[in-house]
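Q: need a structure here:
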Amino acid sequence: MRIPDFVKKRWDRVKHWWDRLPKLPRKWRIVRNLAVAALAAALIPPLLEWPCLDAYRAFQRMEGAYLLTPSRLVLQEKDGWCSGYLSEGDSWITVGSVSEFDSTDRPLNLDRNYALLHQILPKEGIVVVLLPAKNENNGAVVAVWGSPEEAAYGMMEMDLTGIEDRNGDMPGREPIQALETFTAQAQRREDGWFIFQFTPHDDHRESQGCAMEELLWYGPVFNSDEMEQPYRLTLTDSQGKVVAEQSGITPPDQRLLKW
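A: Predicted structure coming up:
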């Protein structure tokens, strides 16, 4: 295959310019080449958005894909291999999760973080969201935004229904109760958020599972229908007077992936 004349001429110009540069000693050429290689290794993967070795960066990458920037991280909960994230922008709320997978069977796959956006919600009225990760008590975390300014304390009841028992086929295992009610209290944070940290019931027999523990056993990444749970919210002022009440169902899982 014959090289076009205009390509050959341009290559000759570049080569002529390169040949006129001062020649570095061999030691300095090695240092220069190593520096260029290190710089390329640091800059090229982020420009290509791969790999995300950090779970939060994987979540931020998903936010950027849906133009949910700039945003502020409100809360992060890490549950073993799954991390749940809650962030907010000027007019929206984002709930997402990042799962870290073991890639020992695929050693060349450096991007081990699987990010998913569960909800993108407008900041309209009182917004109640269930985070897709357990807290350190092995319980659920529910965040509330949009409360009246005078609201100082909150109480939430959450009714868990339709929860699958992942160990239900074990010999002697008793079924999970059809409905279990859990209660949590929270105080208004400086940023206006209420964060309710739930705790599983401790009065279950060893042979019977707790709905709270089973709710996020594998995370809502695999059990999206279980994110919709009934709740009752009561907010009071510093004197104990009720300033707002709301009941409803936590938002469904939108399961938004990257474009």
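Q: which residues sit in contact with Thr234?
A: Thr234 makes contact with Gly154, Met155, Met156, Val242, Ala244, Glu245, according to C-beta atoms under 8 Å, 6 or more residues apart in numbering. C-betas here are computed from N, CA, C, even on glycine.
Q: Of the residues you listed, just the buried ones, PyMOL syntax please.
A: Listed next is the PyMOL selection for buried residues among these, using 16 or more other C-beta atoms under 10 Å:
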select buried, resi 154+156+244
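Q: Using TSV, please lay out the contacts of Thr234 together with secondary structure.
A: Below are the contacts of Thr234 laid out as TSV (DSSP: H, G, I helix; E, B strand; the rest coil):
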residue	secondary structure
Gly154	strand
Met155	strand
Met156	strand
Val242	strand
Ala244	strand
Glu245	strand
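Q: Closest to Arg61 out of the contacts of Thr234?
A: Using C-beta to C-beta, Met156 comes nearest to Arg61 of the contacts of Thr234, at 31.8 Å.
Q: ok, that closest one touching Gln197?
A: No: the pair Met156 / Gln197 is not scored as a contact, 10.3 Å apart, by C-beta atoms under 8 Å.
Q: Kindly point out which residues are neighbours of both of these two.
A: The contact sets of Met156 and Gln197 overlap at Ala184, Ala186 (C-beta under 8 Å, 6+ apart).
Q: how about low-confidence regions in the chain?
A: 1-7, 14, 18, 21, 40-53, 102-111, 165-175, 204-208, 217-224, 258-259 (pLDDT under 70).
Q: one more time with 50, if that's ok
A: Within the chain, the stretches with pLDDT under 50 are 108.
Q: So which residues of it form helices?
A: 5-19, 26-47, 55-65, 211-215 (DSSP state H).
Q: For the third one, give me every contacting residue.
A: Read it as helix 55-65. 49, 52, 69, 71, 73, 76, 78, 83, 85, 87, 94, 96-98, 100, 113-117, 256, 258-259.
Q: what bridges to the most centrally placed residue in the chain?
A: Closest to where the C-alpha atoms of the chain average out (C-alpha atoms, centre = their mean) is Ser97, at 2.7 Å. For Ser97, the residues forming beta bridges with it (DSSP bridges) are Gly84, Leu116.
Q: That one contacts Asp79, correct?
A: No: contact criterion C-beta under 8 Å: Ser97 and Asp79 do not qualify, at 9.3 Å.
Q: Hmm, Gly248 is touching Tyr231, no?
A: Yes: with contact defined as C-beta under 8 Å, Gly248 reaches Tyr231; the gap is 6.5 Å.
Q: Compare neighbour counts for those two and give me the winner.
A: Tyr231 (19 against 12; other C-beta atoms under 10 Å).
Q: So for the more buried one, what's the nearest residue that isn't a sequence neighbour?
A: Met158 (4.7 Å; C-beta to C-beta, 6 or more residues apart in numbering).
Q: That neighbour: neighbour count?
A: Residues near Met158, counting by other C-beta under 10 Å, number 24.
Q: Surely it touches Ala140?
A: Yes: counting by C-beta under 8 Å, Ala140 is a contact partner of Met158 at 7.1 Å.
Q: Find the residues that touch each one of these two.
A: Phe182, Phe198.
Q: So this protein: which segments form each domain?
A: Domains of the chain are assigned by automatic domain parsing as 5-47, 55-249.
Q: Point out the most buried one among those domains.
A: Among the domains of the chain, domain 55-249 has the highest mean neighbour count (mean count of other C-beta atoms under 10 Å), at a mean of 17.
Q: Just the terminal-to-terminal distance for that one.
A: By C-alpha to C-alpha, to the nearest Å, the extent of domain 55-249 from end to end equals 29 Å.
Q: what distance separates it from the centre of its chain?
A: 10 Å (C-alpha atoms, centre = their mean, to the nearest Å).
Q: With stretch 246-255 instead?
A: That offset, for stretch 246-255, works out to 17 Å (C-alpha atoms, centre = their mean).
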